[in-house]
Every structure is written in structure tokens, then in C-alpha cells.
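Engineer: Please find the sequence and the predicted model below.
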Amino acid sequence: MSYEHLNSFERKAIYYRFNSGESCRSIGKLLNRHHTTIMREVKRNKPPYYDYFDEAAHEKAMARRKVARHARKRNNKALYELVHSKIAMGWSPDAIAGRLKKDNPSDELMYVSHETIYQWVIKDFKAGGELYKDLAKRHKKRRKQRKYGDLRGQIKNRVSISERPKIVEDRSRIGDW
């Protein structure tokens, strides 16, 4: 089943039904959506001290969709510079991600995953940067996997069974069985 974002009509239905006290399960059944989708929508887009409002929620969702998550982290200059300096000191992306979480337990803007750090290094490499040279361990050069004609499991200089000597059929020696 393919995923579709909520549209403004569905948000309007959520607005009327949720604010009138209807449950997320019944709203989900009405819109043919899972109840957790409705709960997540309300949680993400509801202002802290007001009721859920469909137009504001739709604007918020559209604005969020324009900026990718890793770009939001990349735009945090303090985080980006800290990651760059740690890589230059020879830290691994795993160690950097773990240390950031430990040093900033209450600031989620300073969290970043090791995969995101690798993506930043790749982006830097494509832009002509040399940050990749400071990685503690670089990825092995990957070889293209062959679908057919794979050479694993092949015996070198093997002889076909049709070319075996006639004495083998007597089965008089050890190993002929």
C-alpha cells in the first residue's frame, strides 16, 4: 500500500471531529486512515495551548515538507562545525553521534546520526572537499556483484564427469565410490 500525505480536506475533517471530542479511531475509520496517522497529525501540528486548527496545520506541514530533515541539521552551523572538527581529529561518525547525544541530552538539535555524518562527508567529497581523508576507516571499494557467471564455488582445472577414466566404473579402488 502506497503512502499518501494528508490533504487539506482530511485536515478539515480532523479539525471538526477532533475538536468536537471524537476519538482518533473513529476519525481514522471515517477517512480510511490508521488511527495513529490521525494522532501523529494532531500531535505534530496542534499548537501547545489551543485546539487543532486545520489551516495552520496544513501550512505547517507544507513548510516542513520543503525542508528535508538532514538539511535542517546541516543548517545548524554549531553542529556542523563541531562534526567537522571531530572528523578532522580522527573521530569516527559513530563516536561523534554517541558523544553528541551524551553531551547534549536535552538539546535534540545537537543530535545527529552516524549515517547523516557519512552523508555530509559524501556531499563534501562531491563538492571537492577532502573531509573523507580524515575518516578513521574508509569504506572498502565495492565491487559490482555479478548475477550470473559468479566464480565462487568453482573448482580450478576441474574435469567433467564424462571425461573420467574407465577404471572408475569398476569401483575397485578407494575413492571410486
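Structural biologist: Received the coordinates, thanks. Numbers count the residues shown, from 1 in each chain.

Engineer: show me the contacts for the most centrally placed residue in the chain.
Structural biologist: Geometric centre of the chain, nearest residue: Glu115, 7.7 Å, by CA atoms, centre = their mean. If you count contacts by CB atoms under 8 Å, 6 or more residues apart in numbering, Glu115 has them with Pro93. C-beta here means a position set from N, CA and C on the backbone, and glycine is covered the same way.

Engineer: what helix or strand is it on?
Structural biologist: Glu115 belongs to helix 114-126 when assigned by DSSP states H and E.

Engineer: Which residues belonging to that helix are considered buried?
Structural biologist: Within helix 114-126, the residues that count as buried by 16 or more other CB atoms under 10 Å are 116-117, 119-121.

Engineer: Turn those residues into a markdown table, including distance to Glu130 and pLDDT.
Structural biologist: Converted to a markdown table, the buried residues of helix 114-126 look like this (distance: CB to CB, whole Å; pLDDT from 0 to 100):
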| residue | distance to Glu130 | pLDDT |
| --- | --- | --- |
| Thr116 | 20 | 86 |
| Ile117 | 16 | 88 |
| Gln119 | 17 | 86 |
| Trp120 | 13 | 85 |
| Val121 | 10 | 86 |
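
Engineer: Tabulate the residues you listed (CSV), appending distance to Leu131.
Structural biologist: What follows is the buried residues of helix 114-126, written out as CSV (distance: CB to CB, whole Å):
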residue, distance to Leu131
Thr116, 14
Ile117, 10
Gln119, 12
Trp120, 8
Val121, 5
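
Engineer: How about the secondary structure of Pro47?
Structural biologist: Judged by DSSP: H, G, I helix; E, B strand; the rest coil, the three-state class of Pro47 is coil.

Engineer: Neighbours of it, how many?
Structural biologist: Pro47 has 11 neighbours, counted by other CB atoms under 10 Å.

Engineer: pLDDT at it, what is it?
Structural biologist: pLDDT, Pro47: 81.
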